[in-house]
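Asks: Dropping a prediction and its sequence here:
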Amino acid sequence: MTKLRNTKTLALAAMLTAIGIILSFFKIPVNQLITIGFGSLPLSVSGMLLGPAVSGVVGALMDIGGYLVKPTGPFFPGFTISGIVSGIIYGLMFYKKKITFTRVLVAQVILTIVVNILMNSYWLKLLYLKDAYFAVIISRLPKEVIMLPIMTVMKYIVLKTIQEVKIFHLQVE
């Protein structure tokens, strides 16, 4: 967490948080159940540029800030935890690592299973459907399977471009 005392790190984290909040409002509806969202792109960038700890903070702030700007339903801290875990996963997978399609795919599979399917389904069960955890999971599976390749390609293009342009002088292992 000492990285958050660095002015450049703090400014970049704040900028990515703000961009993430704004992008989370832009969605492309595919049908009634599936929308392509862009809010997770800045979070994956924060994981690549700032590491797991700072990216976890960015994930939490994106959730809380998004709720403050445009609340959709009741505030629930479980989704903030999901944002933290997402940021940590991106940081562990991308920080100081060469961005490859396989690496982005593995990160997205882990995130889809751990956060989107298991954690978020559990939060929805707690909020709305007290005894229907597996029903919530099963109802969410088709959407997650369809979104996995779409999000993987989007994140690969963004992360690879940032790494290749070398704006941020990344140290790749």
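Replies: Cool, the structure landed.
Asks: Now name the helix or strand holding S55.
Replies: helix 52-69 (DSSP states H and E).
Asks: Tell me who's in contact with V109.
Replies: L148 (CB atoms under 8 Å, 6 or more residues apart in numbering). Bear in mind the C-beta positions are built from the backbone N, C-alpha and C, glycine included.
Asks: Which secondary structure element of the chain has the lowest mean pLDDT?
Replies: Within the chain, no helix or strand scores below helix 120-127, which has a mean of 84 by mean pLDDT, DSSP states H and E.
Asks: Moving along the chain from that helix, name the first helix or strand you hit.
Replies: Past helix 120-127, the next helix or strand by DSSP H and E is helix 133-165.
Asks: what packs against that following helix?
Replies: Helix 133-165 makes packing contacts with helix 40-50, helix 101-111, helix 120-127 when contacts are defined by 3 or more CB pairs under 8 Å, 6 or more residues apart in numbering; DSSP states H and E.
Asks: on that earlier part again, give me the distance from the helix holding S55 to the chain's centre.
Replies: 10 Å (CA atoms, centre = their mean, to the nearest Å).
Asks: So for stretch 21-34, first residue to last residue, what's the gap.
Replies: 20 Å (CA to CA, to the nearest Å).
Asks: can you tell me which residues contact the spatially closest residue to G37 that is not a sequence neighbour?
Replies: Closest residue to G37 apart from its sequence neighbours, by CB to CB, 6 or more residues apart in numbering: K27 at 4.8 Å. For K27, the contacting residues are 35-38, by CB under 8 Å, 6+ apart.
Asks: low pLDDT regions in this protein?
Replies: Scanning the chain for pLDDT under 70 picks out 1-2, 169-173.
Asks: Quick check: S40 touching I150?
Replies: No - judged on CB atoms under 8 Å, S40 makes no contact with I150 at a distance of 11.4 Å.
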